[in-house]
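Participant: Okay, structure incoming, though there's no sequence with it:
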């Protein structure tokens, strides 16, 4: 029948196709196939996927997503920016980084005074820094303490230190509040402008200071109002003849309020002006010499604030400051002021700093108002190698006595190196020289020193 004939024809076609595939395999192995057979084999490959061999499938490219991932241990770790930086200790919501430095200081003038003697001192310094890791707002605590003890030479036993905390809080209506509180204790310098005759040991000066600032940005305008207070407490001076001399008539508190107004020319430059008013109140209205030392302060400054990221940041200002003393017999303390706090990084690993400060130093010496002290520091820090850091500093102080032509000039220079043996321990050394010249009798001195010690950090 017709159906049977059609089935026979299909079977014959299948047998013919199998025969052609067999011939294709033979021709591929002997490279003598005809063109017709090659065309037929190509057609068969297109229409019958069973013609693809297992070996050819193995040569197909793999899906990148199906490749095995390298073990975690074998992956390259990201290099640290500073492999010798302190890792810190996690304590609650703060990260604390303590540093302990212990060494020996050889000095030509143990107390930096006129006629000072050489000594070999044991010097121990503890520093710490604590930074909060809060999601909003921030707090920073910094502190240090240094203890000096004579091993041989001029007898010195001195303890000095400071701790300061800063709290930054964002308020409503784009207001920011910055609160600071600090405490410092240190023996008064032997080169202090207040001379106490016959002292065997200078009095200890304690300072408690704090401030609260509120800042607000309105468009390009910048406003800040800061209230501050600083209280000085003086201990008794020990006399070389025995006994002590009270210094309570030097205790005072300075209250100030400062209003700053600025205009942002660009995100990097903001000029500003400041007006300061204040009042200095002595705990004793009349001192031991019969003078009323309390005074009223008034100052004005103009400057510029810079913010160029890591390259250059800080501010500089200049102006005028005047403190009028309540006692008419004493001349007002007044003069130009210069203040600066700048940091410049010309290249990675190098930081240049410039600080300047103008300070009014009051006095309880009979008939003297006090002086104005101008202080400037140029510092440099260089990461020479990953485990070797160098630093240097140049300093200049100019003290201008009010009511006379007296003045002091103090110049200093310092250089140091720290070589880290590992992340936690290093060797450190520094050399320093300081020289003061004055047109007042008995105030010149020179002090040279060298320090060698071990530094431990966490």
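Facilitator: Noted; the coordinates are in hand. No experiment lies behind these values; they were computed from the predicted model shown. Numbering: from 1, shown residues only.
Participant: can you give me the helices in the stretch 251-400 of the chain?
Facilitator: Read by DSSP state H, counting those that start in this stretch, the stretch 251-400 of the chain holds no helices at all.
Participant: in it, which segments are predicted with low confidence?
Facilitator: By pLDDT under 70, the stretch 251-400 of the chain contains no weakly predicted segment.
Participant: which stretches of it form strands?
Facilitator: 252-263, 269-282, 295-307, 312-325, 333-344, 350-362, 370-385, 388-401 (DSSP state E, counting those that start in this stretch).
Participant: ok, the third one: who's next to it in the sheet?
Facilitator: Here strand 295-307 is paired, per DSSP bridges, with strand 269-282 (antiparallel), strand 312-325 (antiparallel).
Participant: Show me which parts of it are buried, residue by residue.
Facilitator: Of the residues in strand 295-307, 295, 297, 299, 301, 303, 305-306 count as buried by neighbour count, 16 or more other C-beta atoms under 10 Å. For the C-beta atoms, the positions are set from N, CA and C on the backbone; glycine is no exception.
Participant: Tell me which two of the residues you listed sit farthest apart.
Facilitator: The span of those, defined through C-beta to C-beta, is set by 295 and 306 at 33.4 Å.
Participant: Next up, the contacts around the closest residue to residue 359 other than its chain neighbours.
Facilitator: Distance criterion C-beta to C-beta, 6 or more residues apart in numbering; nearest residue to residue 359, sequence neighbours excluded, is residue 373 at 4.6 Å. Residue 373 is in contact with 358-361, 397-400, counting by C-beta atoms under 8 Å, 6 or more residues apart in numbering.
Participant: Mark which of those residues are buried, thanks.
Facilitator: In those, burial by neighbour count holds for 358, 360-361, 397, 399-400, counting by 16+ other C-beta under 10 Å.
Participant: Take those and lay them out in JSON lines including distance to residue 220.
Facilitator: Below are the buried ones among the contacts of residue 373 laid out as JSON lines (distance: C-beta to C-beta, whole Å):
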{"residue": "358", "distance to residue 220": "29"}
{"residue": "360", "distance to residue 220": "34"}
{"residue": "361", "distance to residue 220": "38"}
{"residue": "397", "distance to residue 220": "38"}
{"residue": "399", "distance to residue 220": "40"}
{"residue": "400", "distance to residue 220": "38"}
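Participant: Tell me the one of the residues you listed nearest residue 285?
Facilitator: Checking these one by one against residue 285 (C-beta to C-beta), the nearest turns out to be residue 360, at 19.7 Å.
Participant: what about that closest one, distance to residue 452?
Facilitator: Distance, residue 360 to residue 452, using C-beta to C-beta, to the nearest Å: 38 Å.
Participant: same deal with residue 306?
Facilitator: The gap separating residue 306 from residue 452 is 38 Å, by C-beta to C-beta.
Participant: Which residue, neighbours along the chain excluded, lies closest to residue 244?
Facilitator: Using C-beta to C-beta, 6+ apart and skipping the chain neighbours, the partner closest in space to residue 244 is residue 236 (3.9 Å).
Participant: residues in contact with that neighbour?
Facilitator: 203, 244-247 are the contacts of residue 236 under C-beta under 8 Å, 6+ apart.
Participant: Equivalent analysis for residue 122, please.
Facilitator: Applying C-beta under 8 Å, 6+ apart, the residues near residue 122 are 102, 104-105, 148-151.
Participant: So for the helix or strand harbouring it, what gets flagged as buried?
Facilitator: Using DSSP states H and E, residue 122 falls within strand 119-132. Buried residues in strand 119-132, counting neighbours by 16+ other C-beta under 10 Å, are found at 119, 121, 123, 125, 127-132.
Participant: would residue 249 count as being in a helix?
Facilitator: Yes. Checked against DSSP: H, G, I helix; E, B strand; the rest coil, residue 249 lies within a helix.
Participant: Could you double-check that it lies in contact with residue 363?
Facilitator: No. Between residue 249 and residue 363 there is no contact, the gap being 11.2 Å when judged by C-beta atoms under 8 Å.
Participant: Please say which of these two ends up with more neighbours.
Facilitator: A count of neighbours by other C-beta atoms under 10 Å puts residue 363 above the other of residue 249 and residue 363, at 22 against 18.
Participant: and the closest residue to the more buried one other than its chain neighbours, what are its bridge partners?
Facilitator: Using C-beta to C-beta, 6+ apart and skipping the chain neighbours, the partner closest in space to residue 363 is residue 370 (4.3 Å). Here residue 370 sits in beta bridges with residue 362, going by DSSP bridges.
Participant: what sits against residue 370?
Facilitator: For residue 370, counting by C-beta under 8 Å, 6+ apart, the contacting residues are 193, 323, 333, 360-363, 401-402.
Participant: With mean neighbour count and distance to residue 426 added, can I get the strands paired with strand 295-307 in a markdown table?
Facilitator: A markdown table is the format used below for those (neighbours: other C-beta atoms under 10 Å; distance: least, C-beta to C-beta, whole Å):
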| stretch | mean neighbour count | distance to residue 426 |
| --- | --- | --- |
| strand 269-282 | 17 | 39 |
| strand 312-325 | 17 | 28 |
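Participant: Tabulate the ones you listed (CSV), appending distance to residue 96.
Facilitator: Below are the strands paired with strand 295-307 laid out as CSV (distance: least, C-beta to C-beta, whole Å):
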stretch, distance to residue 96
strand 269-282, 34
strand 312-325, 25
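Participant: Residue 165: which of those is closest?
Facilitator: Residue 165 lies closest to strand 312-325 among the strands paired with strand 295-307, at 21.6 Å (C-beta to C-beta).
Participant: between the closest one and strand 350-362, how big is the angle?
Facilitator: Put simply, strand 312-325 runs at 10 degrees to strand 350-362, going by axes from the mean of the first three to the mean of the last three C-alpha atoms, to 10 degrees.
Participant: And strand 312-325, how far out from the chain middle?
Facilitator: Its chain's C-alpha centre and that of strand 312-325 lie 23 Å apart, by C-alpha atoms, centre = their mean, to the nearest Å.
Participant: by how many degrees do that strand and strand 370-385 diverge?
Facilitator: Using the same axes, to 10 degrees: strand 312-325 against strand 370-385 is 160 degrees.
Participant: what's the angle between strand 312-325 and strand 333-344?
Facilitator: Put simply, strand 312-325 runs at 170 degrees to strand 333-344, going by the same axes, to 10 degrees.
Participant: Just give the nearest non-adjacent residue to residue 201, would you?
Facilitator: Residue 201's closest residue in space is residue 238 (C-beta to C-beta, 6+ apart), at 4.1 Å.
Participant: Having no further points to raise, I will conclude here.
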